[in-house]
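**Q** The sequence and its predicted three-dimensional model are supplied below.
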Amino acid sequence: EVGEFEFMKFLYLNDNQLNGTVPAEVNKYPDLNEIDLTNNMLSGAFPKLRNNIRGLKKVLLAVEDDGNNFTANIEEIVSSATTGLSVVTCMDCAWHGSLPDKLWLQTKNLLELNLRNHGGPGISGSFPAAFGDLSQLQSLILSGNRISGTIPASIGGHMDLHTFLVNDNQFNGTIPTELGQLEKLTSLQLEGNDDLVGDLDPLFCVDGRNASFVALSADCGASSSRVACTCCNECF
């Protein structure tokens, strides 16, 4: 009975063959720091995390090629968010909800946010001005959602950012040139945003800069040509 461990700080149940749903009793532990349920066969709606969990730092629900199949509401996942929250990963979950301001305003130590959507209506919303305050951010994956608005120029302040995957959303406007300031950036995917335009050539296709990229893709193919990029790994 998981609910009996009153002072539990770490819930590591990853890499097992657990199935069924996650019980709401996960909220019984106000001292919980980390949750890792990756690589199981769990499914259903992940329970809302209540704000009595004061020190939550990591929420790992699903990674690449995971057997888990969660339905997740971003507002409920981060409802207990505090300044200590550093990692939220639920890759290929059926996401829904809207990006809450709390995610940006109260998670100044956020390092990794992986909300790639698969099978859900997707997360809506846009980047607020507070997005620029996440100075420690290293990886942001939002692929396959319904996030709109512009990519803010403040992204140039995320000097530790190495992964920025926002493909297949509803971003618009011009790709900010400030992306070129991110010297650690090695994965950038921008395709599938029908109203996003720009020129990546002066940012990444000079002086061999593109050689450091694992993934560099945009709507730079002959059928779309909304983005100029002669060095992209893939053009759509």
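**A** Alright, I've got the coordinates.
**Q** so where's this protein shaky on pLDDT?
**A** 1-4, 52, 80-83 (pLDDT under 70).
**Q** what residue is smack in the middle of the protein?
**A** residue 114 (2.8 Å; CA atoms, centre = their mean).
**Q** For that residue, list the residues it contacts.
**A** Residue 114 is in contact with 88, 89, 90, 91, 139, 141, counting by CB atoms under 8 Å, 6 or more residues apart in numbering. No exception for glycine: its C-beta is placed from N, CA and C like everyone else's.
**Q** Ok, residue 210 next?
**A** 204, 216, 231, 232.
**Q** tell me, how many neighbours does the second one end up with?
**A** Read that as residue 216. Residue 216 has 24 neighbours, counted by other CB atoms under 10 Å.
**Q** Also the first one?
**A** For residue 204, the number of neighbouring residues by other CB under 10 Å comes to 23.
**Q** give me phi/psi at the nearest residue to it once chain neighbours are set aside?
**A** Nearest in space to residue 204, with sequence neighbours left out and distances taken as CB to CB, 6 or more residues apart in numbering, is residue 210 at 5.2 Å. The phi and psi values for residue 210, taken as degrees, to the nearest 10, are phi -70, psi -20.
**Q** picking up where we left off before, compare the contacts of residue 114 and tell me which is most surrounded.
**A** Neighbour max across those (other CB under 10 Å) = residue 90, 27 neighbours.
**Q** what's near enough to touch it?
**A** Residue 90 neighbours (CB under 8 Å, 6+ apart): 46, 59, 61, 62, 70, 72, 77, 114, 115.
**Q** now do residue 134
**A** Applying CB under 8 Å, 6+ apart, the residues contacting residue 134 are 104, 107, 108, 110, 158.
**Q** try 7 Å
**A** 104, 108, 110, 158 (CB atoms under 7 Å, 6 or more residues apart in numbering).
**Q** separation between the closest residue to the third one other than its chain neighbours and residue 91?
**A** Spatial nearest neighbour of residue 110, excluding adjacent residues (CB to CB, 6+ apart): residue 134 at 5.3 Å. With distances defined as CB to CB, to the nearest Å, the gap from residue 134 to residue 91 amounts to 20 Å.
**Q** Could you pull out the helices in this protein for me?
**A** All helices of the chain, identified by DSSP state H, fall at 74-77, 101-105, 201-204.
**Q** closest one to residue 175 among these?
**A** Minimum separation from residue 175 across the helices of the chain (CB to CB) falls at helix 201-204, 8.3 Å.
**Q** Could you check how far the closest one is from the centre of its chain?
**A** Relative to the centre of its chain, helix 201-204 is centred 25 Å away, using CA atoms, centre = their mean, to the nearest Å.
**Q** List of residues touching it?
**A** In contact with helix 201-204 (CB under 7 Å, 6+ apart) are residues 177, 179, 180, 210, 216, 228, 229, 230, 231.
**Q** change it to 8 Å
**A** By CB under 8 Å, 6+ apart, helix 201-204 touches 177, 179, 180, 188, 209, 210, 213, 216, 228, 229, 230, 231.
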